[in-house]
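A.B. asks: coordinates for the following, if possible.
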Amino acid sequence: MKVSIITVTYNAGATIRDTIESVLSQDYPSIEHIIIDGASKDHTAEIVRSYGDRIARFVSEPDRGMYDGMNKGIKLATGDVIAILNADDFYIDSQVVSTIVEQFEQHQVDSVFADLVYVKHDDPEKIVRYYSSASFHPGKFAYGWMPAHPTFVVKRSAFEQYGYFKTDYKIAADYELLIRFLAIHKLSYHYIPQVLVKMRTGGASTANLSSNWILNREIVRGCLENGIQTNMTKVLSKYFVKVFQLVARPA
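C.D. replies: Here you go, the predicted model:
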């Protein structure tokens with residue numbers, strides 16, 4: 001099984017090296033790392049190019065946002081399955097991709113997902129929140145819950161059959177896509193009960209209160225567009241549970 005990992009960047013010079021190194025450190029041999037940069041104004045492109053042909057594809061050009069970049073990467077991918085690893089994220093160890101492939105082969109599913117931890121932006125060893133995907137089922141979309149997207153890996157054919165990220169969403173196109181894949185088209189999935197990804201805080205969905213408001217408004221929109229009845233009160237109820245994620249830690 002060939003695994004395509006898509007990384008979208010914009011002015012990610014401070015963190016992109018960690019992302020690349022975590023992919024290069026994987027012990028699984030058949031990996032294609034595709035990096036799509038939105039014409040960064042810092043030294044992101046210089047860093048990526050320094051890795052030469054160890055990066056399967058590198059594109060740096062203006063785009064219409066991160067989801068446009070993800071779609072570009074997916075359309076260039078030749079792997080059997082697709083993973084998205086953002087420029088602030090990195091794999092927790094060198095066995096992550098091997099574990100993902102093993103779970104695909106063992107369970108014969110369309111997709112897998114796992115847990116992640118949020119870490120301090122300037123101290124990746126400091127965990128600030130534990131995001132467990134353990135209790136996810138499609139009925140939870142109406143309440144603002146989805147599996148941790150950076151751990152979600154799906155067959156490439158799903159995009160070809162059911163479409164790509166909607167680029168008119170600013171923050172929650174991943175949420176809308178997972179609704180389509182898991183709730184509407186009922187792709188099969190398997191939960192891997194371990195942390196696979198570290199995500200730095202301060203990304204698009206966690207930057208500030210304004211980002212959170214846009215995120216939740218788009219979650220409601222994504223649900224309603226796909227026939228899932230919800231409202232802002234239901235979606236905001238997730239924060240009562242998220243409080244406990246601040247103190248919970250992986251076993």
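A.B. asks: strands of the protein, start to end?
C.D. replies: All strands of the chain, identified by DSSP state E, fall at 3-9, 31-37, 57-60, 81-84, 89-91, 111-120, 123-131, 153-155, 189-200.
A.B. asks: from the contact counts, what lies against the fourth one?
C.D. replies: I take that to be strand 81-84. With contacts taken as 3 or more Cβ pairs under 8 Å, 6 or more residues apart in numbering; DSSP states H and E, strand 81-84 sits against strand 3-9, helix 96-107, strand 153-155, helix 156-162. Heads up, the C-betas are built off the backbone N, CA and C, glycines and all.
A.B. asks: mean neighbour count, the ones you listed: which tops it?
C.D. replies: strand 3-9 (a mean of 25; mean count of other Cβ atoms under 10 Å).
A.B. asks: tell me what that strand is packed against?
C.D. replies: Right, strand 3-9 is packed against helix 16-24, strand 31-37, helix 66-76, strand 81-84, helix 96-107 by 3+ Cβ pairs under 8 Å, 6+ apart.
A.B. asks: could these go into a markdown table alongside distance to residue 118?
C.D. replies: Below are the helices and strands packed on strand 3-9 laid out as a markdown table (distance: least, Cβ to Cβ, whole Å):
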| stretch | distance to residue 118 |
| --- | --- |
| helix 16-24 | 15 |
| strand 31-37 | 23 |
| helix 66-76 | 18 |
| strand 81-84 | 17 |
| helix 96-107 | 17 |
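A.B. asks: which of those sits closest to residue 219?
C.D. replies: Nearest to residue 219, of all the helices and strands packed on strand 3-9, is helix 66-76, at 14.8 Å by Cβ to Cβ.
A.B. asks: return the distance of the closest one from the chain's centre.
C.D. replies: Counting by Cα atoms, centre = their mean, to the nearest Å, helix 66-76 is centred 13 Å from the centre of its parent chain.
A.B. asks: buried stuff in that helix?
C.D. replies: 66, 67, 68, 69, 70, 71, 72, 73, 74 (16 or more other Cβ atoms under 10 Å).
A.B. asks: can you check stretch 124-140 too?
C.D. replies: Across stretch 124-140, burial judged by 16+ other Cβ under 10 Å covers 124, 127, 128, 129, 130, 131, 132, 133, 136, 138.
A.B. asks: any idea of the mean pLDDT in that stretch?
C.D. replies: Confidence for stretch 124-140, expressed as mean pLDDT, is 92.
A.B. asks: run through who's touching it.
C.D. replies: For stretch 124-140, the surrounding residues in contact (Cβ atoms under 8 Å, 6 or more residues apart in numbering) are 18, 90, 113-120, 145-148, 151, 179, 182-183, 186, 191, 193, 195, 198, 200-201, 242, 245-246, 248-250.
A.B. asks: ok, now stretch 6-21?
C.D. replies: 23, 33-44, 46-48, 51, 55, 66, 69-70, 73-74, 77, 82-90, 124, 200.
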